[in-house]
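**Student:** coordinates only, sequence not included:
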């Protein structure tokens, strides 16, 4: 799908820190914020990105997804990953796709299961399924780079900015661009209804022949946006829902109205009159099957049982299974190398699992290693991001059990004797205050009582922790060498997406 479509609506978006969003709109309202993620679009976009780049290491597509999931696991959110279904055609609207049973999708599903994230396979388009799930309140928001999700009716879409992108700075400016249907309609720079979104998509869709746009011609962004803002979009949406001869007659009249708009600029929206473009419009435009695919998409509500999908909740991260997966698919090295990778990349996610379990009235069954993996020893200090109204706690935890778990998982696979015990027995990481205060009230009371600081910060306490581009490239996970003080020499950055 043409990037000009996203450019058309981007001015109505606003940037928010994703952790602040899900805590404010989810946890503080007594629920876990649920985000539907178009994983098929992820796989497609990553593959397209890697075509023009040189990637080092094994399975680069899968490795990028691994890092995205690791960052997502550190957020108090319930993600639901939706795949395309069998009915989704490879040439639909001119875009290739990744079938849910192909190798990239199969291995991604296996990786998702190790993280404990729910999976759902749509009957057809994942974008259409997610839009309906969003409309019905099954998910609070959708993450997708497929513009079709807006055309299908999604009410809130989150576009990744940095939090889930490939970067050696995994928690740097963790923000998303928030797009809402109301915002696109009300923003004077956008002013697009559902019909306007449909018209814009139709003008940019098609195969590699003359069905693209208007008889093979893609419209410039100003013209595309101008036409989408006219009454023509709403008119197209109304007639697309008609059937038989009534639809054919209405479509013929609509086509004439489009030609008149292009020739005479009757609405005053176009930058100029475009008679030559009007002459290019054929009687086959727009393709009726394309309209049907947008107005009547196949979803769980319209096929099979005809009911909403029943999606599981988030489960704890299975470190044993993930260690085996990484050993099989990635070139991370020995068991000790995987331990160090997990300490730098997964530690916040492991800590978040602990907080979610301790604040859950009906926690899931314990995995055998969870208590050993994250044993909180003390609170080191607090901080307050300028974007949030809650504290974060830098906690020190005993990480000695992690190496035992990973080496035990890989003991049957590695012939070489393990190295000596890692010196990184203690790990420090930042955890969000609202969850930490509820999960460990005794730790919190002791810390604030000992230094006389309030649990609820005032506005004067806000500090700016936004990093500048010339600051050192450090992770939010600090690895402290046992026996050393927490000075700069004892903090090591082990985070990298380029392994």
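**Tutor:** Received the coordinates, thanks. Since the structure is predicted, the reported quantities are computational estimates derived from the model, not experimental observations.

**Student:** wait, what's in contact with residue 127?
**Tutor:** 38, 41, 144, 146, 148-149, 152 (CB atoms under 8 Å, 6 or more residues apart in numbering). In short, each C-beta sits where N, CA and C put it, glycine included.

**Student:** does it sit in a helix or strand, and which one?
**Tutor:** Assigned by DSSP states H and E, residue 127 falls within helix 126-135.

**Student:** if we can go back for a sec, biggest separation within the contacts of residue 127, which pair?
**Tutor:** Taking CB to CB as the measure, the contacts of residue 127 span a maximum distance of 13.0 Å, between 41 and 152.

**Student:** these two: which is more packed in?
**Tutor:** Between residue 41 and residue 152, residue 152 has the larger neighbour count (other CB atoms under 10 Å), namely 27 against 24.

**Student:** distance of that one from residue 205?
**Tutor:** Counting by CB to CB, to the nearest Å, the gap from residue 152 to residue 205 is 13 Å.

**Student:** still on that earlier bit, from the contacts of residue 127, which land in strands?
**Tutor:** Secondary structure assignment by DSSP state E places residue 38 of those in strands.

**Student:** does residue 136 touch residue 308 like I think?
**Tutor:** Yes: using CB atoms under 8 Å, residue 136 is in contact with residue 308, at 6.1 Å.

**Student:** so those two - more neighbours on which side?
**Tutor:** A direct count of neighbours by other CB under 10 Å for residue 136 and residue 308 places residue 308 higher, at 14 against 11.

**Student:** assign the more buried one to helix, strand or coil.
**Tutor:** coil (DSSP: H, G, I helix; E, B strand; the rest coil).

**Student:** may I see the buried residues of the helix holding residue 127?
**Tutor:** Judged by neighbour count (16 or more other CB atoms under 10 Å), helix 126-135 contains these buried residues: 126-134.

**Student:** domains of this structure?
**Tutor:** According to automatic domain parsing, the chain comprises the domains 1-311, 319-490.

**Student:** those: lowest mean pLDDT?
**Tutor:** Lowest mean pLDDT within the domains of the chain: domain 319-490, a mean of 75.

**Student:** which ones are touching the spatially most central residue of the chain?
**Tutor:** Nearest to the geometric centre of the chain sits residue 143, at 4.2 Å (CA atoms, centre = their mean). The contact partners of residue 143, taken as CB under 8 Å, 6+ apart, are 35-38, 157-160, 164, 176.

**Student:** closest to residue 331 out of the residues you listed?
**Tutor:** Of all the contacts of residue 143, residue 164 has the smallest distance to residue 331: 22.3 Å, by CB to CB.

**Student:** can you show me the strands along the stretch 201-350 of the chain?
**Tutor:** Under the criterion DSSP state E, counting those that start in this stretch, the stretch 201-350 of the chain contains no strands.

**Student:** correction: the previous question concerned the stretch 351-499 of the chain.
**Tutor:** 375-383, 392-398, 426-432, 477-480.

**Student:** elements contacting the first one?
**Tutor:** For strand 375-383, the packing partners by 3 or more CB pairs under 8 Å, 6 or more residues apart in numbering; DSSP states H and E come out as strand 392-398, strand 426-432, helix 441-451.

**Student:** enumerate the positions of stretch 249-262 that are buried.
**Tutor:** Residues of stretch 249-262 classed as buried: 250-251, 254-255, 257-259, 261-262 (neighbour count, 16+ other CB under 10 Å).

**Student:** pipe those residues into JSON lines and attach distance to residue 278 per row.
**Tutor:** Shown next, in JSON lines, are those (distance: CB to CB, whole Å):
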{"residue": "250", "distance to residue 278": "19"}
{"residue": "251", "distance to residue 278": "16"}
{"residue": "254", "distance to residue 278": "14"}
{"residue": "255", "distance to residue 278": "10"}
{"residue": "257", "distance to residue 278": "11"}
{"residue": "258", "distance to residue 278": "8"}
{"residue": "259", "distance to residue 278": "4"}
{"residue": "261", "distance to residue 278": "8"}
{"residue": "262", "distance to residue 278": "4"}
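
**Student:** which of the contacts of residue 143 has the most neighbours?
**Tutor:** Top of the contacts of residue 143 by neighbour number is residue 36, holding 32 neighbours under the definition other CB under 10 Å.

**Student:** list the contacts for that residue?
**Tutor:** 79-80, 82, 130, 133-134, 138-139, 141-143.

**Student:** again with residue 278
**Tutor:** By CB under 8 Å, 6+ apart, the neighbours of residue 278 are 258-260, 262-263.

**Student:** which of those fall within helices?
**Tutor:** Counting by DSSP state H, the contacts of residue 278 place 258-260, 262-263 in helices.
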